[in-house]
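Asker: Dropping a prediction and its sequence here:
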Amino acid sequence: MRPVPSPHTRTNLTKTGERINNGRRLIERTARWMEGNKAAFFAIYKYVKAMQSEESYGRVRDRVASWCVDNLFKVGDDDFRFSNDFWAGISRYLVMYDESLLDAPITFRDSDIDCYGMHPVSYLPTTHRKDV
């Protein structure tokens, strides 16, 4: 499966084989979570949109994590209720779904995902390659 470009262009990370492999591992896990948790993804989206409408932008990942725990959404594939490893991928999928979230409230830091790219998610047509 060929990845689609990340919505974030890395600024500081040097693209290496190790970063590409780690980016692939991270996005494969996140894409699997996305496919199995469509309702959770759209609930997170609604929460982030509410943050945007309230112009409340600080510590977005921490606030989403707390909200997910409070609302019993399990984000990740381990024993923790919210795995921070998934935020880089989920936040990029959120921006691919709704570009208005970029910079307000979602800001990106470089991730190994940006070295590899994003996997398509069945219910997010913006993640499907246009050139294949």
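Answerer: Nice, I can see it.
Asker: longest helix in this structure, by residue count?
Answerer: Secondary structure of the chain per DSSP state H: the longest helix is helix 17-36.
Asker: pretty sure residue 89 contacts residue 28?
Answerer: No - counting by CB atoms under 8 Å, residue 89 does not reach residue 28; the two are 9.3 Å apart. The C-beta positions use only the backbone N, C-alpha and C, and glycine is treated the same way.
Asker: When these two are compared, which one has more neighbours?
Answerer: residue 89 (24 against 15; other CB atoms under 10 Å).
Asker: Could you verify that that one is part of a helix?
Answerer: Yes - assessed with DSSP: H, G, I helix; E, B strand; the rest coil, residue 89 lies in a helix.
Asker: residue contacts, it?
Answerer: Neighbouring residues of residue 89 by CB atoms under 8 Å, 6 or more residues apart in numbering: 26-27, 29-31, 34, 113, 118.
Asker: Apply 6 Å and report the result again.
Answerer: By CB atoms under 6 Å, 6 or more residues apart in numbering, the contact set of residue 89 is 27, 30, 113.
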